[in-house]
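Peer 1: what's the 3D shape of this:
(2 chains)
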Amino acid sequence: MGIRLLINLVRFVVTYVIATVAVFLFMRAIPGDPAQIALGVNATPELLAKTRAEFGTDRPLLVQYFDWALGLPFGDFGTSYITRQDISPLIIDRVQVSLILVILAMIVALAIAIPFGTYAAVKHRNPSGIVVSGISQIGVAIPNFLAGILLVVVFAVGLGWLPANGWTPPGEDFADFASRVILPVLALASVQGAILTRYVRSAVMEVMSEDYLRTARSKGLGKLESLIKHGLRNASIPVLTVTSVQLAALIIGAVVIERVFVIPGLGSMLLDAVGNRDLLTVQSVVMVLVAITLIINLMVDVLYTVLDPRIRKGA
Amino acid sequence: MDAPHNAPALIEVKNLSISTKTRSLVSNFNLRMQPGDRVGLIGESGSGKSMTASALMGLLPEGVSATGSIHLAGHAGNLVDASDKQWQKIRGKDMTMVFQEPLTALNPLMKVGPQVAEIMTSHKSVPSKSAARSKAVEMLESVKLPDPQRAARAYPHQLSGGQRQRAMLAMALANKPGLLLCDEPTTALDVTVQRQVLDLILESVTELGTGLLFITHDLSVVANVCDRVLVMNNGQVVEEGSTVEVFTNPQHPYTRGLLAASDLNATDEKGRLFTVASAAAYVPPTENEPEPEDLAQLAAVSAEATAGRPVLPLPAGDEPVISVEDLHRRYPVARSTLFGKPSEVHALRGVSFEVAAGQRFGVVGESGSGKSTLLRILAGLDQPTSGSVKVAGNQISGAKERDLIQLRQQLQIVFQDPMGSLDPRMRVRDIIAEPLLAPGQKVDSAKQRKLVAEMLGAVGLPRDAAERFPHQFSGGQRQRISIARALICEPRVLVADEPVSALDVSVRAQVLNLLSDLVDDYQLTLVFVSHDLGVVRHLCDNVVVMNNGQIVESGSTEQIYDNPQHDYTRTLVNSSMSLRNELSLR
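Peer 2: Just a heads-up that it's a prediction; the model follows:
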């Protein structure tokens, strides 16, 4: 198990380093001189040269790369070419917002998907099961932002129960945070929950046809009891795979929801930076996203090892 | 069976019928067992025997329903109408079951000990969880698992097939049930392990006085284990009686056919196995055949069998068709430590043999013996690590794919699984003709069609079979298609890899006879790989026995079977079951 973890850590570091090179080169391949963009078309050559020196973009590519990449692990992302501000505090702020949103959404989605997916699998021949899986099919087809707008129309505008948008950090005023976070989390979780319901359903259905469930029943365990004791852990392995992929996708997928609810997350930061041609900010946000994805994969791999003894060493 | 009718029955089943909405699966099944009875339920695939077992456990799949009555000692009322709540009290306590595939029947994520303990805690037959845990270890010890403490802490995948089946048995016997159902419990196991597990089952039920209902397709296993048999065909019991009675004096034509087809020691006047069709001429074994006579008869039978085929004395110095010299094959395995040496599996360790033209050469071995690796190398599908392999003048060792075209024309294979080895989207015509498409061969379509029709005739399939797809055929017919495909390019060597182990008994005899006929007609050299000693004995002149990647013994069939020299061969021969032997040992 230790070796497996070590191999995964090495893989994590190597992938991350390759990603920094790729992201750096792609950004440099985009035409346009950052100094020119920052100063506008009427800038004098002297001013341009001075700004380039200030940005450090007149140095060799290799030096620029190491200057940027070596700062990343320490949370030093450099200074934005456009706003002339340090990027790091901004990113750390935004990451917190996005992570809270996405993790809450995933927890709610799983809380929906596991019981409903299992129900749909157990009752797959009954009308009730077919209805559940039909609803989940509709849920998959609804785009996030539509779900968000519907929720705003009903709960914020119509009923007036919750604020329509905005963000308060949970440390500042928790009640306000909670009231503002409910709608965006629901918007994200409803679609995500529908997708995961389908995966849970098929995983549980597969497990239900396994011989060991028949064995459990022949021991005298009831249908539901045998499914809970023997089936769900087995079904959780394929579900975990999907969840990890969905989690990574959700972080970027939250961009639209952040717009709809005016939430200052990573997604909206990325969109703003692209719009302003703020090269260094784009580069840094992308690297943060890569890191989060890789960390999720690492955690999932550890979870596999915990869940499935066949993966452990000595198998 | 001779018990008075008013004695309390362990289980009494009357007029049990099982059906789906549209189809009847089992009709009018009757069974009465006294405590400690050992009853065999024999049938081929689709006979309804497993469905009957499911009904007896109250575990019919959704959409399948039963009528009739099931009464179990100690439980009032007809269990056919029982609720799942009632069944839960019975299953695992008064009635338990051991299934065919021990790997999939155990939860892969749960340690073996807790799985055994669970059956006791769920029925509260032990006072506490810790008592259940220690009782589980005791049970694992009672089924003779080496180091039961460790076995209890192991996951199913860390045990061997036989060990897993022992664990299943420990589980099934933990609550001392009155009735144990076994559904093909040894079919997935190796020959030597099968014998051990059967002995264990027999010993355990005798000791505990448990009634045993043993479901299988293998008649010799029933002869070994059961006192009474029920023969099922198409959802109906066609014959019932004591094992000796039914096997020595079968009344129903189906039973006779089944017996004839499974008796690999008996052949008709042409040296072929009896089939269901030719069963009328079959003489069933007699009760308590004395050993010496038995052996003498066997010798006569095999002499008879060989008499039918032309013996090919090879002129001295004639080139053998296959010659294998000091063959080694190592596979690398994923390393388990970061800096340690990557370990490897030594699948073949210095194998050498020769096969003369026209020989029927048997390769016998259990799973993991290296016989499949050997076969893959012979067929040019894998390369040896070292050593030399010559097949029909082609050196395979180190050959490039394009050098092997010649070999592919000279050597063809019939695979084990007739479903998996035929492309489901190709018509039979195209499947059979495919070997003709090898590069460098010119075939016009008229000639191709003629050849396909010829081959279909040779393997006994109708002409219109050419236009159909594999799924429209039964298992035996599909294996005939495989044979036709193998023979169309007129190879010199036919390699058969367990070609009958996925087939029902009655079909097995037909396919084996077909192979014999074709080997004679086309003057083929046959390499027959199997774990089934009976089949190899019937078909082959020469045998090599493989174990752990080595040939432990080789020689003529009679020599190996009647006078095995190596310890392993002796174990193997003693473990393999034949109908006549089991019956005479009763």
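
Peer 1: Going by C-alpha atoms from here, please, whenever you check contacts or count neighbours.
Peer 2: Fine.

Peer 1: Pull the contacting residues for the residue in the stretch 451-586 of chain B that chain A sits nearest to.
Peer 2: Relative to chain A, the nearest point of the stretch 451-586 of chain B is B:Ala502 (20.0 Å; C-alpha to the nearest C-alpha). Listed by C-alpha atoms under 8 Å, 6 or more residues apart in numbering or on different chains, the contact set of B:Ala502 reads B:Gln416, B:Asp417, B:Pro418, B:Gly475.

Peer 1: could I get those residues as JSON lines with distance to chain A?
Peer 2: Listed next are the contacts of B:Ala502 as JSON lines, based on distance: C-alpha to the nearest C-alpha, whole Å:
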{"residue": "B:Gln416", "distance to chain A": "24"}
{"residue": "B:Asp417", "distance to chain A": "22"}
{"residue": "B:Pro418", "distance to chain A": "24"}
{"residue": "B:Gly475", "distance to chain A": "24"}
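
Peer 1: I'd like the list of these that fall within strands, please.
Peer 2: Here DSSP state E is the test, and these give no hits in strands at all.

Peer 1: Relative to A:Ala49, how far out is B:Gly257?
Peer 2: In this view, B:Gly257 and A:Ala49 are 99 Å apart by C-alpha to C-alpha, to the nearest Å.

Peer 1: scratch that, A:Thr305 is what I was asking about
Peer 2: 55 Å.

Peer 1: A:Gly148 touches A:Val262, doesn't it?
Peer 2: No. Look at A:Gly148 against A:Val262 with C-alpha atoms under 8 Å: they stay out of range, at 11.6 Å.

Peer 1: Between these two, point out the one with more neighbours.
Peer 2: Taking other C-alpha atoms under 10 Å in any protein chain shown, A:Gly148 and A:Val262 do not tie; A:Gly148 has more neighbours (23 against 15).

Peer 1: The nearest residue to the more buried one once chain neighbours are set aside: neighbour count?
Peer 2: Excluding its sequence neighbours, the residue lying closest to A:Gly148 (C-alpha to C-alpha, 6 or more residues apart in numbering or on different chains) is A:Ala187, at 4.8 Å. Neighbour count for A:Ala187, taken as other C-alpha under 10 Å: 23.

Peer 1: what's the domain layout of chain B?
Peer 2: Listed by automatic domain parsing, the domain ranges of chain B are B:1-94+B:180-189+B:210-248, B:102-176, B:322-333+B:341-584.

Peer 1: Let me have these in JSON lines, extended by distance to A:Val13 and mean pLDDT.
Peer 2: As requested, these are arranged in JSON lines below (distance: least, C-alpha to C-alpha, whole Å; pLDDT from 0 to 100):
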{"stretch": "domain B:1-94+B:180-189+B:210-248", "distance to A:Val13": "45", "mean pLDDT": "88"}
{"stretch": "domain B:102-176", "distance to A:Val13": "31", "mean pLDDT": "90"}
{"stretch": "domain B:322-333+B:341-584", "distance to A:Val13": "24", "mean pLDDT": "87"}
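
Peer 1: So which of those is nearest B:Val283?
Peer 2: Smallest distance to B:Val283 across the domains of chain B (C-alpha to C-alpha): 8.6 Å, for domain B:1-94+B:180-189+B:210-248.

Peer 1: Could you pull out the strands in chain A for me?
Peer 2: Using DSSP E, no strands are found in chain A.

Peer 1: And for the stretch 451-586 of chain B?
Peer 2: Under the criterion DSSP state E, counting those that start in this stretch, the stretch 451-586 of chain B contains strands at B:493-497, B:525-530, B:542-547, B:550-556.

Peer 1: ok, now which ones touch the closest residue to B:Met95 other than its chain neighbours?
Peer 2: With C-alpha to C-alpha, 6+ apart as the criterion, B:Met95 has its nearest non-adjacent residue at 4.8 Å, and that residue is B:Leu179. The contact partners of B:Leu179, taken as C-alpha under 8 Å, 6+ apart, are B:Leu10, B:Pro35, B:Asp94, B:Met95, B:Thr96, B:Thr210, B:Gly211, B:Leu212, B:Leu213.

Peer 1: Cheers, nothing more for now.
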